[in-house]
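Engineer: turn this into a structure:
(chains A and B)
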Amino acid sequence: MELQNKKEISGKVSKIGFILLIIGAVLVGASFMANKERAFFDYLIMYMFIISIALGSLGLVALEYLVGANWSTPFRRISEFLSSIIPLLILLVIPIILGMHDLYHWTHKEAVETDAILKGKEPYLNTQFFYIRLGIYFVVWFLFFIGFIKNSTNQDKDGNVIYTKRNTTLSTIFAPVFMITLTFCAIDLMMSLEPHWYSTIYGVYYFAGTIVAGFASLTLISVLLKQNGYLDPRIGNDHFYSMGTMMFGFNIFWAYIAFSQLVLQWYADIPEETFWYMMRWEGSWKYVSIGLLFFHFVLPFLILLPRSVKTNLNRLKVMSIWLLVAHYLDLYWLIMPTYTHKAGLHGPVFGWNELGFPLVIIGLFMIIFRRRSMKNNLMPVKDPKLEAGLNFHL
Amino acid sequence: MSYDATYTKELPLVPERNSFKEIDDVILKPVDSKPTKKWWIAISISGTALAIGLFCWTMTVLYGIGLWGNNNTVAWGFDIVNFVFWIGIGHAGTLISAILFLFRQKWRTAIARFAEAMTIFAVLCATMFVALHTGRPWLDGYLFPYPNQNAIWVNFLSPLNWDVFAVNTYFIISFVFWTIGLIPDFATMRDRTKSGIKKIVYSVLSLGWSNSNRNWQHYERAYLILAGISTPLVLSVHTIVSFDFAVSILPGWHTTIFPPYFVAGAIFSGFGMVLTVMIFVRKIFDMEHIITLDHIEKMNKILLATGTMVGYAYGMEMFMAWYSGYIFEQFTFLNRAFGPYWWAYWIMVACNVGFPQLFWFKKIRRSIPIMFILVLLVNVGMWFERFVIIVTSLHRDFLPSSWAMYYPTIYDFGILLGSFGLFFTLILLFVRVLPSVAISEIKAVAPGAQPSHKHEGGSH
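Structural biologist: As a prediction, this is how the structure comes out:
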């Protein structure tokens, strides 16, 4: 059976990606010139979003092996390509390291000295240990990334089942490692923005958003490829229906986790915890908070509920973009209030300063996707489960 | 899904090729035949346990909950520990029948019926404890928002009242789900039986099922909708139970990870209990070729996954207690691990997180004796988890002058024993009067029942 995908992804993708990246980079540069502190927070949002897609995608690759799914095998490469930004994470973190002082209150030695709580947290929240932890995350993610991708691409040559077996083993080890590293990454990079605040569910909250972003980006790219004739004709409604369902399901999971955190802290009403929500309720932040509820959960839930939406490629495309934007908004909601509070503003800030960052993300992913698709098949052509995956029917 | 060594062919769920008649015969054998001596022995043991429980129950109603070990500091003792324990066990059934159904995990067919029945019985055991823990169970009717002359109205802001709704809804939906699944099987039993009375009973219960295309279409749709409704319900019940604790401001109870952590723990304990009973049932009723070792291995994988999730929650709680910088929080967790109840904490950690790690090994996942010990430990561990959460968080109050220890009395143990008696009595009755495996669903996954593709078995 000939499955080799001869059609190449057009060079335009790289070109447009490059242009977007340049425009984005210029805007980001200008943003840093105009308001350095604000730009650092914007940069952190962008960075977390990239981690969401990268790790969410790698998580999906692992998930497929872990549960032995075959319907998703024809799409696995897409997630693999998206996770290829993982090696770049270490370069992209540099601006955050430069902005440590602007971002993280606990890096201010004089503030820690006079604050008993922060003093108590010093063994964990100190710059050296912070860098060591970041280093551990990057190394662990990079090693698993290399492992999965190597086995998967090597299989394209000879179709040996040993690679599937190896990746299955790898995925079982990755599952707990993924959860732990992602949790502490979220605690370090985002939760410690408010070093007094704590919530045990925080890691699960970020994980839920990550998986939504992983599925949404996979769906978006699959639909785009399908509509432009890059995917095998056997890939049809049942595949897209399954993808839409996963997106829908995990979005409900996100809402469940978000609700759990909110209702428990609201009901207990302990000032040590509620100030975090108060910051997201003061001034016009209120509208962002309510907006997040509707934009991330209520509307997507109602729209994605009928089966007809999940099998209609155009609507599915809109919904996957929607959920990606919703995840960006979620990160904005998690990160930005620290800045506006510090700057004495009573509401969210949004202007040209923020616009460059998403462009950089889109540009980066376009370039990386095209580059990887030139080197590799768009489908794991000799994966033993591919045939079953292509012929998948509900 | 399981594959053969080449990952190209899915392994059949029911390995041997059985005719549909044989499937009927095997599954309905316990229903058709007279009870054996072993069954009588088993039910007399569980009946005795139930009788002891009923005695302690009656004593509690007559003399009040002063008979229990609860005291001013540890106001919640065995009553709530056992309630949460049984409600948790009740989670496996609906998870298997609803969530695994939505995820299209066909291996669920062999265990779904049994697990659903266990759900219903476990929820009954759980309600017994909440009904009693109010102290004056004859007034429990006021838990429902029903207009009355005394103008007593429920407090909707109280999580305890959310419990009433969550548990009742869960029971009703689970029961409906279970009976709908039974309809095609009742029809099979109706068609097989020769006794006149049985025929009438089964005819009524099968609601005129005729196995027609139309019947199946409606049935499948109803099943899917119920699965969709049940899925959020499974999550909501234990979420609400966790709210009973987590909405408070008590260190050890108030922590945001409680809802997903309780749900994972519930699934874990539910699967533990299902396996405990299943291991016997498949052996005694010769169903080893229907509930295969592959099914059991998959269940063990779920035990490993959920046990590790629970471990994640334990770790997160510990870390955040330190990270919070809140001295009471820190004290509670140190006290949990190294205080007077240290042994309960470490039993919990060992049984729920430690021992299940052995399921990483395929040999252990497929070894019945080892797995039996491990699932027993899971049951023990999950009971201790609730004990640890409730007692260790309460017994050392904010004021050291009100510190106290909790000593359960003979009545506490009696009622606990009675709940096991009730549970196993109901199970023993269930396996005698209803098919403990869904006959129609097993037929649907038997080899040859599925439409096959042209490529199947061909070379690639």
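
Engineer: close to chain A: what parts of the stretch 151-300 of chain B are there?
Structural biologist: Contact residues (CB under 8 Å from any CB of the partner chain) of the stretch 151-300 of chain B with chain A: B:232, B:235, B:239, B:243, B:246-249, B:254-260. Any C-beta I mention is one placed from the backbone N, CA and C, and that applies to glycine too.

Engineer: redo that, cut-off 7 Å
Structural biologist: B:235, B:239, B:246-249, B:254-257, B:259-260 (CB under 7 Å from any CB of the partner chain).

Engineer: identify the farthest-apart pair in those.
Structural biologist: For these, the maximum inter-member distance is 24.5 Å, found between B:Leu235 and B:Ile249 (CB to CB).

Engineer: these two - which one has more neighbours?
Structural biologist: Looking at B:Leu235 and B:Ile249 with other CB atoms under 10 Å in any protein chain shown, you find the greater number of neighbours at B:Leu235, namely 23 against 13.

Engineer: so which residue is dead centre in chain A?
Structural biologist: Most central in chain A under CA atoms, centre = their mean is A:Ser52, positioned 1.5 Å from the mean C-alpha point.

Engineer: check contacts around the closest residue to it other than its chain neighbours.
Structural biologist: Counting by CB to CB, 6 or more residues apart in numbering or on different chains, A:Ala213 is the residue found nearest to A:Ser52 once chain neighbours are left out, at 4.1 Å. For A:Ala213, the contact set (CB atoms under 7 Å, 6 or more residues apart in numbering or on different chains) comprises A:52-53, A:56, A:324, A:327.

Engineer: narrow those residues to those that are buried.
Structural biologist: A:52-53, A:56, A:324, A:327 (16 or more other CB atoms under 10 Å in any protein chain shown).

Engineer: pipe the residues you listed into CSV and attach secondary structure per row.
Structural biologist: Shown next, in CSV, are the buried ones among the contacts of A:Ala213 (DSSP: H, G, I helix; E, B strand; the rest coil):
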residue, secondary structure
A:Ser52, helix
A:Ile53, helix
A:Gly56, helix
A:Leu324, helix
A:His327, helix
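
Engineer: show me which pair in those residues is furthest apart.
Structural biologist: Between all members of those, the farthest pair (by CB to CB) comes out as A:Gly56 and A:Leu324, at 10.6 Å.

Engineer: for stretch B:393-402, buried residues please.
Structural biologist: For stretch B:393-402, burial by neighbour count (16+ other CB under 10 Å) applies to B:393-396.

Engineer: ditto for stretch B:373-391
Structural biologist: Using 16+ other CB under 10 Å as the test for burial, stretch B:373-391 gives B:374-375, B:377-391.

Engineer: cool, stretch B:284-293 as well?
Structural biologist: So stretch B:284-293, judged by 16+ other CB under 10 Å, has buried residues B:285, B:287, B:290-292.

Engineer: now do the same end-to-end measure for that stretch.
Structural biologist: In terms of CA to CA, to the nearest Å, the two terminal residues of stretch B:284-293 are separated by 15 Å.

Engineer: from the chain's centroid, how far away is stretch A:324-337?
Structural biologist: 11 Å (CA atoms, centre = their mean, to the nearest Å).

Engineer: that stretch near chain B at all?
Structural biologist: No. Using CB under 7 Å from any CB, stretch A:324-337 never reaches chain B; the gap is at least 14.4 Å.

Engineer: swap in stretch A:231-240?
Structural biologist: No. Using CB under 7 Å from any CB, stretch A:231-240 stays clear of chain B, coming no nearer than 11.0 Å.

Engineer: start to end distance for that stretch?
Structural biologist: One end of stretch A:231-240 sits 12 Å from the other (CA to CA).

Engineer: what lies in contact with it?
Structural biologist: For stretch A:231-240, the surrounding residues in contact (CB under 7 Å, 6+ apart) are A:71, A:74, A:225-226, A:310-311, A:313, A:316, A:379, A:390-394.

Engineer: nearest to chain B among the residues you listed?
Structural biologist: When the contacts of stretch A:231-240 are ranked by distance to chain B (CB to the nearest CB), A:Asn391 comes first, at 5.8 Å.

Engineer: so how far is B:Ser174 from B:Phe243?
Structural biologist: In this view, B:Phe243 and B:Ser174 are 20 Å apart by CB to CB, to the nearest Å.

Engineer: between these two, which one's more packed in?
Structural biologist: More crowded of B:Phe243 and B:Ser174, by other CB under 10 Å: B:Ser174, with 26 against 23.

Engineer: ok, the more buried one - contacts?
Structural biologist: Listed by CB under 7 Å, 6+ apart, the contact set of B:Ser174 reads B:93-94, B:116, B:119-120, B:123.

Engineer: the nearest residue to B:Asn71 once chain neighbours are set aside: neighbour count?
Structural biologist: Spatial nearest neighbour of B:Asn71, excluding adjacent residues (CB to CB, 6+ apart): B:Ala404 at 5.5 Å. By other CB under 10 Å, 13 other residues sit near B:Ala404.

Engineer: okay, the buried ones among the contacts of A:Ala213 in CSV with pLDDT next?
Structural biologist: Shown next, in CSV, are the buried ones among the contacts of A:Ala213 (pLDDT from 0 to 100):
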residue, pLDDT
A:Ser52, 95
A:Ile53, 95
A:Gly56, 94
A:Leu324, 95
A:His327, 95
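
Engineer: which of these sits closest to chain B?
Structural biologist: Nearest to chain B among these: A:Gly56, at 18.2 Å, using CB to the nearest CB.

Engineer: OK, contacts around the closest one?
Structural biologist: If you count contacts by CB under 7 Å, 6+ apart, A:Gly56 has them with A:210-211, A:213-214.

Engineer: give me the distance between A:Ile173 and A:Met179.
Structural biologist: In terms of CB to CB, A:Ile173 sits 12 Å off from A:Met179.

Engineer: higher neighbour count, the two?
Structural biologist: Neighbour comparison, A:Ile173 and A:Met179: the larger count goes to A:Met179, with 17 against 13 (by other CB under 10 Å).

Engineer: and A:Phe18, how many neighbours does it have?
Structural biologist: Neighbour number of A:Phe18 under other CB under 10 Å is 14.

Engineer: how about it: what's its closest non-neighbour residue?
Structural biologist: A:Ile367 (6.3 Å).

Engineer: check contacts around the one you found.
Structural biologist: So A:Ile367 contacts A:14, A:17-18, A:21 (CB under 7 Å, 6+ apart).

Engineer: now a PyMOL select for only the buried ones of those.
Structural biologist: Typed into PyMOL, the next command selects the buried ones out of the contacts of A:Ile367 (criterion: 16+ other CB under 10 Å):
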select buried, chain A and resi 14+17+21
